[in-house]
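Colleague: just a sequence and a predicted model for now, questions to come.
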Amino acid sequence: MTQQRRAPRIVLAKVGLDGHDRGVKVVARGLRDAGCHVIYAGLWQQPEAVVQTVGDEDADWLGISILSGAHMTLLPRIMDLLKRAGLDHVRVLVGGIIPDEDIPKLEVLGVARVFGPGTSIPEIAEFVGATGDATDE
Amino acid sequence: MSDKGDIRELLRRYRHGERPALNRLVSFVSRGDGIDLIRDELQDGSHESPLIAITGNSGVGKSTLLGRLIEHVRSLDETIAILACDPESALTGGALLGDRVRMSSHAGDEGVWIRSLASASGQQAVVDHLDLIAQLLTQFGFDHVILETVGAGQGDVAVESIADLVVLLIQPEIGDELQWEKAGVLEVADVVVVHKGDLPGAERTEAQARDLLNLPGCEQTPVVRVSSKTGEGIAELWSLLVNRPQRDLTTGRNTRRLLRLVQQRIATWFAFHPDEVESIVQGCSSSGMTNEQTITRILSHLTNDHS
Ligand SMILES: Nc1nc2c(ncn2[C@@H]2O[C@H](COP(=O)(O)OP(=O)(O)O)[C@@H](O)[C@H]2O)c(=O)[nH]1
Ligand SMILES: [Mg+2]
């Protein structure tokens, strides 16, 4: 069997209480156009629900969008739940407004990368390994 | 890529009820990997619930209705697995799968399982092996398995042709000409839902659908009016679906499904008997048979010994 190059599967979720999903939707479309399979999980997701989604969807990546400033309480919880669900292999991206001094703390928790406001989509696409020709062999 | 040892280990964990193993196996099957091993493992499993497909144009409310059905099924203390198939962009191979947003009221509930699948031309594996995915899910313990798909007439992937029960959603339309009448999609439906029953014109659409489906000499396809907005008709629809008898595949409009099953059976036989096939082919080739004779020979071997 020839190995088919698999499109990266990425779950995008918004946790926290703010209802702004414009940014995450722009990223969702951009990553789709770059050849990713983007699973949009919606707003106001609880950490437990996010982690179950990542598992059931067998995603390679989890992109968390946080604008509300609750990242230092929500992300430790999500990282811990992922570990306990045996989902250590899933790489986590964080987008939103994260103060510089918190970025190293998130990386210590296991977050693969923090993308601040103004990040370009191609930058994210390249990071997750999307090539735009994912169906080619 | 599909390491047999890996799959065996996954199957072992799957049998112990480990959800991550189920999740990974579904991914393998949806890519067409490890099919024979997995099919073999599940063969003697008995329990199988019918695969229900919910189809209809984009925007007709399939995902929203599924969200409601999930709530209803959970209120009955039963479990449910959803396969949401969305078309994939042929150009980039990318897909934006947003169906589960509309089903999120039970996010985090272990009695609900949702997998979003990108279905595109050239990725036939998803469609070809949906029955196996459904079997994985039912044998894992999910009481119901439902497929969401744009379905008939849209794109080249007729996912609904492999389902046991096809539920077609239509919605009230402005004007007299009914799109779904033109598309000829009513014929594939076992149950027709006039969805968005809260909108004006729903009753008229329901009457028109009944009229079109009421052909003399045929068993009447049930038509139900449902609103996911108000919840009206949800419980009635569900009891209709679970009490519907398995359809008779030998009657006219169902033969397509029957042929699919025949195709599948042949493919499975090939997968399981590579040596036997090989020896027939070699025998034919050494006795100087043509391709055509060889094919006939294989087919007759198949029907003689493995009917
Ligand atoms: N009025 C009304 N709108 C509905 C109903 N069900 C869904 N919708 C709306 O129809 C649109 C499409 O719904 P969706 O479930 O995404 O459709 P799908 O593409 O078939 O899965 C959304 O804007 C829903 O809010 C209903 O019962 N009544
Ligand atoms: Mg949908």
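Modeller: That came in fine, so what should we check first? Ligands and ions are numbered 1, 2, ... in the order given.
Colleague: span of stretch B:110-129 from start to end?
Modeller: From its first residue to its last, stretch B:110-129 covers 24 Å (CA to CA, to the nearest Å).
Colleague: should've said stretch B:223-240
Modeller: 10 Å.
Colleague: is any part of that stretch close to ligand 2?
Modeller: No: using CB under 5 Å from the ion, stretch B:223-240 stays clear of ligand 2, with a minimum separation of 11.8 Å. Quick note: C-beta positions are derived from backbone N, CA and C, even for glycine.
Colleague: which parts of that stretch are buried?
Modeller: For stretch B:223-240, the neighbour count (16 or more other CB atoms under 10 Å in any protein chain shown) marks B:223-228, B:233-234, B:237-238, B:240 as buried.
Colleague: who touches that stretch?
Modeller: Applying CB atoms under 8 Å, 6 or more residues apart in numbering or on different chains, the contact partners of stretch B:223-240 are B:61, B:64-65, B:67-69, B:72-73, B:191-198, B:202-203, B:206, B:209-210, B:213, B:222.
Colleague: rerun at 7 Å
Modeller: Defining contact as CB atoms under 7 Å, 6 or more residues apart in numbering or on different chains, one finds that stretch B:223-240 is touched by B:61, B:64-65, B:68-69, B:72, B:191-198, B:202, B:206, B:209-210, B:213, B:222.
Colleague: show me these that map onto helices.
Modeller: B:64-65, B:68-69, B:72, B:202, B:206, B:209-210, B:213 (DSSP state H).
Colleague: now, among the residues you listed, which is nearest to chain A?
Modeller: B:T64 (13.0 Å; CB to the nearest CB).
Colleague: give me the low-pLDDT residue ranges for chain A?
Modeller: Filtered on pLDDT under 70, chain A yields the residue ranges A:1-5, A:18, A:131-137.
Colleague: quick check: longest strand of it.
Modeller: For chain A, the strand that runs over the most residues, judged by DSSP state E, is strand A:37-45.
Colleague: what residues are up against residue 51?
Modeller: In the absence of a named chain, chain A is used. Counting by CB under 7 Å, 6+ apart, A:V51 has contacts A:78, A:81-82, A:85, A:87.
Colleague: if you could check chain B rather than the one you did, that'd help
Modeller: B:L51 touches B:131, B:134, B:145, B:147, B:163-164, counting by CB under 7 Å, 6+ apart.
Colleague: which strands and helices sit next to the helix or strand encompassing B:G283?
Modeller: In this structure, B:G283 sits in helix B:274-286 according to DSSP states H and E. Secondary-structure packing of helix B:274-286 (3 or more CB pairs under 7 Å, 6 or more residues apart in numbering or on different chains; DSSP states H and E): helix B:291-305.
Colleague: mind redoing it with 10 Å?
Modeller: Judged by 3 or more CB pairs under 10 Å, 6 or more residues apart in numbering or on different chains; DSSP states H and E, helix B:274-286 is in contact with helix B:255-272, helix B:291-305.
Colleague: what angle do that helix and helix B:291-305 make?
Modeller: Angle of helix B:274-286 versus helix B:291-305, following axes from the mean of the first three to the mean of the last three CA atoms, to 10 degrees, is 140 degrees.
Colleague: now helix B:274-286, how far from the centre of its chain.
Modeller: 35 Å (CA atoms, centre = their mean, to the nearest Å).
Colleague: in the contacts of A:V51, which residue is surrounded by the most others?
Modeller: A:I78 (26 neighbours; other CB atoms under 10 Å in any protein chain shown).
Colleague: tell me the secondary structure at the residue nearest the centre of chain A.
Modeller: With distances taken as CA atoms, centre = their mean, A:G63 lies nearest the centre of chain A, 1.0 Å away. Here A:G63 is strand, with the state taken from DSSP: H, G, I helix; E, B strand; the rest coil.
Colleague: identify the residues contacting it.
Modeller: A:10-14, A:24, A:27-28, A:31, A:36, A:38-41, A:91-95, A:113, A:115, A:124, A:128 (CB atoms under 10 Å, 6 or more residues apart in numbering or on different chains).
Colleague: which of the residues you listed fall in strands?
Modeller: Short answer: those in strands (DSSP E) are A:10-14, A:38-41, A:91-95, A:113, A:115.
Colleague: who wins for neighbours among those?
Modeller: A:I39 (32 neighbours).
Colleague: each with direction, which strands does the longest strand of chain A pair with?
Modeller: Strand pairing for strand A:37-45, determined by DSSP bridges: strand A:9-15 (parallel), strand B:95-97 (parallel).
Colleague: so how far is the first one off the chain centroid?
Modeller: Per CA atoms, centre = their mean, the displacement of strand A:9-15 from the mean C-alpha position of its chain is 5 Å.
Colleague: hang on, the earlier thing: ok, residues contacting the helix holding B:G283?
Modeller: B:36, B:269-271, B:273, B:289-291, B:293-298, B:301-302, B:305-306.
Colleague: go through it and flag the buried ones.
Modeller: For helix B:274-286, burial by neighbour count (16+ other CB under 10 Å) applies to B:276-277, B:280, B:284.
Colleague: does stretch B:54-61 come close to ligand 1?
Modeller: Yes: for stretch B:54-61 and ligand 1, the contact criterion (CB under 6 Å from any ligand atom) is met by B:56, B:58-61.
Colleague: endpoints of that stretch, how far apart?
Modeller: So stretch B:54-61: terminal residues 10 Å apart, CA to CA.
Colleague: I'd like to know the average pLDDT value across it.
Modeller: Averaging pLDDT along stretch B:54-61 yields 89.
Colleague: quick check: buried residues in that stretch?
Modeller: B:54-57, B:60-61.
Colleague: possible to save these as a markdown table with distance to chain A?
Modeller: As requested, the buried residues of stretch B:54-61 are exported to a markdown table (distance: CB to the nearest CB, whole Å):
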| residue | distance to chain A |
| --- | --- |
| B:I54 | 19 |
| B:T55 | 21 |
| B:G56 | 21 |
| B:N57 | 20 |
| B:V60 | 20 |
| B:G61 | 17 |
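Colleague: for the residues you listed, which one is nearest A:L106?
Modeller: B:G61 (39.0 Å; CB to CB).
Colleague: now do the contacts for the closest one.
Modeller: B:54, B:67-68, B:102, B:169, B:171, B:193, B:195-196, B:226-229.
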